[in-house]
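Novice: sequence first, predicted model second:
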Amino acid sequence: MTLIGVLTIGAIGFLVYSNIKISQKRARLTEQLQALKEQVRDLEQRKRDLEAGVSFQESEEYLEEIARERLNLKAEGEEVVAFVAQEVNKADEQEESRGLMDRILEKLKFW
């Protein structure tokens, strides 16, 4: 009778231990599943963005934009406006960069 009681308690202990291990493994796998689902959502969003980019690059608007920016072409009826940067005199630039105190000291110098 004692032997049957010990075997029963041992079997119950083994089943409880196995159940705990299985629960821990299930929790880990559930976390991995959620992480993989998140990756799938991110990759699907990236795929949609890339497909939208590809479809835009195949459009007529994109080709016109590239022709204007890179090839310096214009559409029929458009006018081109160019801006030319002014050159700044180095002496004027240095004069402006000096502080008020430096200018006063220079005027006070007698030598």
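Specialist: All right, it came through fine.
Novice: ends of stretch 65-76, how far apart?
Specialist: Length of stretch 65-76, first residue to last, C-alpha to C-alpha, to the nearest Å: 14 Å.
Novice: quick one: the helices in the chain?
Specialist: Secondary structure of the chain (DSSP state H): helices located at 2-57, 60-69, 90-97, 100-108.
Novice: show me where this structure dips below the pLDDT cut-off.
Specialist: Residue ranges of the chain with pLDDT under 70: 87-98, 101, 110-111.
Novice: do that again at 80, thanks
Specialist: The model of the chain has pLDDT under 80 over residues 72-75, 78-111.
Novice: can I get the helices of the chain in CSV with mean neighbour count?
Specialist: Every residue, glycine included, has its C-beta placed from N, CA and C. Output for those, formatted as CSV (neighbours: other C-beta atoms under 10 Å):
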stretch, mean neighbour count
helix 2-57, 10
helix 60-69, 11
helix 90-97, 9
helix 100-108, 9
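Novice: out of those helices, which is closest to residue 82?
Specialist: helix 60-69 (13.4 Å; C-beta to C-beta).
Novice: where's the spatially most central residue of the chain relative to residue 107, distance?
Specialist: Nearest residue to the geometric centre of the chain (C-alpha atoms, centre = their mean): residue 46, 11.8 Å. Look at residue 46 and residue 107: by C-beta to C-beta, to the nearest Å, they are 66 Å apart.
Novice: noted, bye for now.
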